[in-house]
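Peer 1: return atomic coordinates for the entry below.
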Amino acid sequence: MPTPQWILGIHTTTPVLGLALLPVEEALGQGHSQCWILDRQMAAQLHPCLGGFLASQDKQQIVAIAVAVGPGSFTGSRLGVSVARLLGQQLRIPVFGYSTLATIARQVWQEQGSPSNPLTVAVQMDAKRQEWYGSVYRVEREQISALWLDQVWALEAWEQALENWPEAKRVDGAAFVDPLPVLALAELARMDFSAGLRPSWQEVLPIYGRQPPIDPKVLNRSAPSPR
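Peer 2: Got it, this is the predicted structure:
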């Protein structure tokens, strides 16, 4: 029997940490996942949770990593991408980065019974300031494509944009926090891995949706101290 190969999923863009292991060969099953509500403890607990989750897993059998790159929590997005890049570099395996909204769209497709016909999904997620992160996806068995790229929308502008896709199934990201769609995330990577894609860890960067807040303590460290 050939050695099973696995895809590791890492989702940190919400207050919930999600990890998953999905076999590259679909015949081996649907894999498994685990979630932890960490909120402000994400930075402190990510590595211990990951270590425990992979304790019995042969790291040499992990052949790719899938990571949610945002939008969402600035800190969480940065942490997840950093860990995925580090593991990809250490294990010398490809790292696939996917939008938080795309993973939700894939999860919705699965919950709809994995239809043979393309499914249009409009995903919105609270961006604070009376705005949405929003995107529209066309989801099929072998691919997912953005009909409208992720961006920040004023509430009224988002409603107007959705008039272009009256057939779209509309979902709110708040309904996909616990449990996270981390297996759907890994499935996106399995789909692209099976298609022959092998992105380098260096290519994966967080997507913040808007500029992250600036910490005045680290602003312009080279500036002279005030007299």
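
Peer 1: any idea which strand is longest in this protein?
Peer 2: As far as residue count goes, and with DSSP state E defining each element, the longest strand of the chain is strand 144-154.

Peer 1: center of this structure - which residue?
Peer 2: The C-alpha lying nearest the average C-alpha coordinate of the chain belongs to residue 68 (C-alpha atoms, centre = their mean; 1.9 Å).

Peer 1: correct me if wrong: that residue contacts residue 101.
Peer 2: No. Using C-beta atoms under 8 Å, residue 68 is not in contact with residue 101; the gap is 9.5 Å. Using the backbone N, CA and C atoms, a C-beta is placed for each residue, glycine as well.

Peer 1: and for the two, which residues touch both?
Peer 2: Residues touching both residue 68 and residue 101 by C-beta atoms under 8 Å, 6 or more residues apart in numbering: none at all.

Peer 1: residue 184 falls within a helix, correct?
Peer 2: Yes. Applying DSSP: H, G, I helix; E, B strand; the rest coil, one finds residue 184 inside a helix.

Peer 1: just give the number of residues close to it.
Peer 2: 27 (other C-beta atoms under 10 Å).

Peer 1: show me the contacts for it.
Peer 2: Contacts of residue 184 were listed using C-beta under 8 Å, 6+ apart, and they are 103-104, 106-107, 110.

Peer 1: now with 10 Å?
Peer 2: Residue 184 makes contact with 9, 11, 20, 22, 33, 66, 98, 102-111, 144, 176, according to C-beta atoms under 10 Å, 6 or more residues apart in numbering.

Peer 1: do the same with residue 84
Peer 2: Residues counted as contacts of residue 84 (C-beta under 10 Å, 6+ apart) are 8-10, 12, 65-69, 95-97, 201, 204.

Peer 1: which one of the residues you listed sits closest to residue 183?
Peer 2: Using C-beta to C-beta, residue 9 is the member of these that sits closest to residue 183, with 6.7 Å.

Peer 1: specify the local secondary structure of that closest one.
Peer 2: Here residue 9 takes the strand state, with states given by three-state DSSP.

Peer 1: in this structure it contacts residue 95, no?
Peer 2: No. Under the criterion of C-beta atoms under 10 Å, residue 9 lies out of contact with residue 95, with a separation of 11.4 Å.

Peer 1: what do those two both touch?
Peer 2: Applying C-beta under 10 Å, 6+ apart, one finds that residue 9 and residue 95 are jointly contacted by 64-67, 84, 189.
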